[in-house]
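Engineer: Sequence plus predicted model, see below.
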Amino acid sequence: VGNRDDSNLYIHMKLKAAAEIGISANHIKLPNTATEADVLKCIASLNADPAVHGFIVQLPLDSDNPINTEKITNAVAPEKDVDGLSSINAGKLSRGDLGDCFIPCTPKGCMELIRQTGVQVAGKRAVVIGRSKIVGAPMHDLLLWNNATVTTCHSKTSTLAEEVGKADILVVAAGRAEMVKGEWIKPGAIVIDCGINHVPDSTKASGKRVVGDVAYNSAKEKASFITPVPGGVGPMTVAMLMQSTVESAQRFLEKFQPGKWTIQYNQLTLKMPVPSDIEISKSCMPKPIEQVAKEVGLFPDEVELYGQTKAKVQLSVLKRLQNQPDGKYVVVTGITPTPLGEGKSTTTVGLVQALGAHLHQNVFACVRQPSQGPTFGIKGGAAGGGYCQVVPMEEFNLHLTGDIHAITAANNLVAAAIDARMFHELTQSDQALYNRLVPSVNGVRKFSDIQIRRLQKLGINKTDPMALTKEEVNAFVRLDIDPGTITWQRVLDTNDRFLRKITIGQSATEKGFSRTAQFDITVSSEIMAVLALADGLDDMKKRFGRMVVASSKKGQPVTADDLGVTGALAVLMKDTVKPNLMQTLEGTPVFVHAGPFANIAHGNSSVLADKIALKLVGKDGFVVTEAGFGADIGMEKFFNIKCRYSGLRPHVVVLVATVRALKMHGGGPAVTAGVPLPKEYTEENLQLVAKGCSNLNKQIQNARMFGVPVVVAVNAFKTDTKAELALVVQHAKEAGAFDAVECTHWAEGGKGALALARAVQRASQAPNNFRFLYNVELPIVDKIRLIAQQVYGARDIELLPEAQEKVALYTKQGFGNLPICMAKTHLSLSHDPEQKGAPTGFVLPIRDIRASVGAGFLYPLVGTMSTMPGLPTRPCFYDIDLDPVSGEVNGLF
C-alpha cells in the first residue's frame, strides 16, 4: 500500500530473488488512498486463488486512511502466510508445531545461519535482545524448540551486559545502533545482528552509513562467528522467504494431489423396521457441501455454493486436471422392470457408499436430476431409498439449482420464436421484415453474427445489408415454416394431462392464425438432451444452433440458428452446464446433472459430470452412473449414444435384478402401482423365478454384446426367500455374468452392498473389449433393425408410412448418419408392455421417426406414448407438507 521508497526497495529485492530461482512473482500495488476494506478484499482474492502459493503484505502500510495492521496480517490464509506473521502461525510456533507452520523469515534466516556454523544449538545458552512479533518473540520460540536455554532481553532489562556475557548464541534485534559492545560478548559466541540503522558519516555521499545493533569492529574480535551489516541477515531473510514459498507450493501439491482424498464419512444409525425415506433423510446431518468439495480435491474458485448442501462445479476443473488419468467407469442398469421400479438408483447409491465409506476407494455417483412432474405425481422422488439416498432428498427432488427451470425458459423461448416468426412472415412484406430484422441504428444497418451465419447457410457471401438483392432479401427474411412439420413443443415441469393437445393463437390479436399444439414435460425437451451430451459451453451452444424445429415448405430443415435464438439460449443455459454437487447419506460425493427422458431421449446423466468425476477420483477410483429404464433401453443408449459422443469407455455393467420382477416375467399376475402385491409375490415360488430368469439371461447377453463384464446385483426385498435369491444368483452366473451377488443396501446402507462393491472391483480388472453395436454410417433402417433384432429379440421391423417418409426426409436433409434412440415401452423387451420374459419372433412396428439434431440422434417411435404424464387419482402431493414454524419439508417423496 502506498509508495514508500524503502518498501519498494525491499520488494524489488524479493522480486529479483524470485526471478533468479524460477518463482513466478508479482507486485500488487494499492494506492495510498486504499482503505482497510480495499486491502482485505485483495487479500481475500489471493487467499481463494489456487494459483498463488504464498503472498506477503509489505509493512508498514503507507495509507492516508487508518488500517489495523494486526487485522490485515491475520486476514492472510495461514497456509499462504509465507511471512509467518499471522497469529495462527505464531501460535503454532510458540507451541512447537514447527512442521505445520510458517516461521517469520528473519528468525528462520538467523537459525539457518547458526546451523551453518556447525555449532550444536541443543544445550547452549541463547540470549535474544528484542521482543517484536517479527523477530524477537519468534526467535525466542525457535531457539527454545531447538533445545537451547533462552533468555529474552528488552528495553527494561537492567542487567543487559551481564546477560549478553552469558550467551553462547546472541541474536540482537533491538533497533538501536551499536548498542551491544564488543566487551560484553562471551569469547567464542555466535553473534547474529538483525539491526539496520543509519548513522551520520561525512565520508559517504549520502552523509550516512548503515550499521547494525552490535558494535561490529569490537565484537568480531570476541565472537567466533558474526554477521555483518549490511550483507548478513538481510539476504538470508529474502532467501528464507523464497524457501517458505517453495515449501508452501510443496504442501499445496501434496494436499491437492489429484486423486488423493481425505474424506470424512458419515456413520449410519440403522433402524428396524426401516423408517420412511424422508425420515431417514432428515435424521442425517449432511456435511457442508464446501467441505465435500474440498475433500474431493476441488479448489474454492471451482465451486459455486447454493446454500449449505448443494453447489455447482466450474468446468475449469477439467482443464486443470486434463493430464490426469481417468478412474474406472461403471454403469448401473437393470432387467425389464415392473411399474414399481427395481431399485437402480438405490443400488447406485448403495454401491458408491460401499466403495467409499467401507472400502475407502475414491468414488463418485453421477445421477440424473428428477422431474418435479413425477415427484408430485405417482412416482415420488428419485433420490434412492432406505439407507441409500442422495441428501437432502427434498432439495434433490425439487428445484435443486434451477437447471430444469432454465431449460423450461429456454425451450419455450424457441417455441415462442417459431410462432412469432410465422405470424410476422404472414402479415408483413419482405422489405418490412427486412427493416425490422436489420434495423437502421443512427443511419447504419448491420448484420448480427447469427444473421451472418444464416446468410452463409443460404450461400450469400455479403456483409453489407445494403448490398442484398430482392431475391436475397426474400430468402433471408422468410423461413417459410410449414406448420404441419413443427416438432418443437412447449414444455412444463408438471404432470398436466389437459395440455397434451391444445389450440394456440385464439386471441383476436393473432389475426386468425391458430394451430393445434401441445405441452410436453420439460425433461423431454431436446434442450435437456443437449445439456446431457454437451462437452462444454461452446459445444452446447453449437448443438443449440443445430436443433431442427420444423421444415420449410420446400422441405429444408429450419434450425434454432435460423430463428436467431441460439445466443439467447446459451445465455439462459450458461449456469446449467455446470454439474451440481451433493452427497449420499454416508458422505460420498454425488454429481446430479441433467435428466433427459429415457424413451424419446437417451436417459442418462451428463457427459460433463462423468468426465469431471473420472478426473477427480484418479486412476484407481470409480465413477458409478445410472442408465434409465432396463438394459435394453438405457444401457443400449448409454453405449451407442453417450459413450459414442463422450469418447469414454465403461469398465463394468451392474445389472440390477429383483425376485419380484423375475416372478412377473415368469408369468406372475400384473404388478400395479398403488395396489397391494398378489400373494405370488409375497410367498416363495421358485418355478416363477426360474421361468422369469429368461429376461435376466437376455439382459446379461445384451450387456456382454458390448464387450463389458457384467455383475448382477440381486436387490433383496423383505419378502424374498433365501432359496429364491440363491436361484437368481445361480442363473445369472450360468448366463455369463462375471459375478452375481445378493444386496441388502436398502436396509443396511453401504454395508449391504459390500459384496457388490468387491465384485465390481474385480470385474474392473477383467479383460474389456468394449464395442458399439452399429456403425453410424449404416442406413437408418439398418441401424434400427440391428437394435430390434440384437437387443430386443425381434424377427424384423416394420416401418409404417409416416416412418418411411421420415427415413427419406432425414436422409435427404443429411441426418442419416446420426445414432438411433429408440422410443419404446420400458415394460417389455418388445413393443407390447404385456409381453414379459424374453419374447422372440415378433415384428417391431416403427410408427414414426423424429430428429433431435442438436442432441445428435434420431428417435423412432415404437407404439404410442405420452411425453406429458397425467396426475393419478391420489397424487403424491397429498403426503407432502411444510412445517410453517421450522420450515422443514414433511411427508413422502
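Structural biologist: All right, it came through fine.

Engineer: ok, now which ones touch residue 260?
Structural biologist: When the contact criterion is Cβ atoms under 8 Å, 6 or more residues apart in numbering, the partners of residue 260 are 297, 618. The C-beta positions use only the backbone N, C-alpha and C, and glycine is treated the same way.

Engineer: give me that answer again for 10 Å
Structural biologist: By Cβ atoms under 10 Å, 6 or more residues apart in numbering, the contact set of residue 260 is 254, 297, 362, 618.

Engineer: Okay, residue 399 and residue 371: tell me how far apart.
Structural biologist: Taking Cβ to Cβ, to the nearest Å as the measure, residue 399 and residue 371 are separated by 12 Å.

Engineer: Looking at those two, which is more packed in?
Structural biologist: Residue environment comparison for residue 399 versus residue 371 gives the larger neighbour count to residue 371, 24 against 14, counting by other Cβ atoms under 10 Å.

Engineer: what's the lowest-pLDDT member of the contacts of residue 260?
Structural biologist: Among those, residue 254 carries the lowest pLDDT, at 85.

Engineer: What is the three-state secondary structure of that one?
Structural biologist: Using DSSP: H, G, I helix; E, B strand; the rest coil, the secondary structure recorded for residue 254 is helix.

Engineer: Give the full set of residues in contact with it.
Structural biologist: For residue 254, the contact set (Cβ under 10 Å, 6+ apart) comprises residue 260.

Engineer: Then residue 362?
Structural biologist: Counting by Cβ under 10 Å, 6+ apart, residue 362 has contacts 259-261, 263, 296-297, 327-328, 355-356, 588-589, 613, 616-623.

Engineer: how does it look with 6 Å?
Structural biologist: Shown in contact with residue 362 (Cβ atoms under 6 Å, 6 or more residues apart in numbering): 261, 617, 618, 621.

Engineer: now swap in residue 87 and tell me
Structural biologist: Residue 87 sits in contact with residue 74, where contact means Cβ under 6 Å, 6+ apart.

Engineer: start at 437 instead
Structural biologist: Understood, numbering begins at 437; the last thing we discussed is residue 523.

Engineer: how close does it get to residue 483?
Structural biologist: Distance, residue 523 to residue 483, by Cβ to Cβ: 15 Å.

Engineer: can you check residue 877 too?
Structural biologist: For residue 877, the distance to residue 483 (Cβ to Cβ) stands at 45 Å.

Engineer: which of the two has more neighbours?
Structural biologist: A side-by-side neighbour count of residue 877 and residue 483, using other Cβ under 10 Å, places residue 483 first with 17 against 8.

Engineer: Could you check which helix or strand contains that one?
Structural biologist: In the assignment (DSSP states H and E), residue 483 maps to helix 472-484.

Engineer: So which elements touch that helix?
Structural biologist: If contacts are counted by 3 or more Cβ pairs under 6 Å, 6 or more residues apart in numbering; DSSP states H and E, helix 472-484 sits against helix 505-511.

Engineer: Can you give me the buried ones in the helix it packs on?
Structural biologist: Going by neighbour count (16 or more other Cβ atoms under 10 Å), the buried part of helix 505-511 is 508, 509, 510, 511.

Engineer: Distance from it to the middle of the chain?
Structural biologist: Averaged C-alpha coordinates place helix 505-511 at 34 Å from its chain's average position (Cα atoms, centre = their mean, to the nearest Å).

Engineer: neighbours around residue 444, how many?
Structural biologist: Residue 444 is surrounded by 14 other residues when neighbours are defined as other Cβ under 10 Å.

Engineer: Assign it to helix, strand or coil.
Structural biologist: Judged by three-state DSSP, the three-state class of residue 444 is helix.

Engineer: That one and residue 465: what is the separation?
Structural biologist: Distance check for residue 444 against residue 465: by Cβ to Cβ, it reads 9 Å.

Engineer: do the same with residue 1248
Structural biologist: According to Cβ to Cβ, residue 1248 stands 64 Å off from residue 465.

Engineer: same thing with residue 846?
Structural biologist: Residue 846 is 44 Å from residue 465, by Cβ to Cβ.

Engineer: So which of these two has more stuff around it?
Structural biologist: Between residue 846 and residue 465, counted using other Cβ under 10 Å, residue 846 has the larger neighbour count: 26 against 11.

Engineer: Would you list the phi and psi of that one?
Structural biologist: In this entry, residue 846 is assigned phi and psi values of phi -70, psi -50 (degrees, to the nearest 10).

Engineer: Could I get the contacting residues of the spatially closest residue to it that is not a sequence neighbour?
Structural biologist: Spatially, and ignoring its direct neighbours in sequence, residue 846 is nearest to residue 1008 (4.4 Å; Cβ to Cβ, 6 or more residues apart in numbering). With contacts taken as Cβ under 6 Å, 6+ apart, residue 1008 has the following neighbours: 842, 845, 846.
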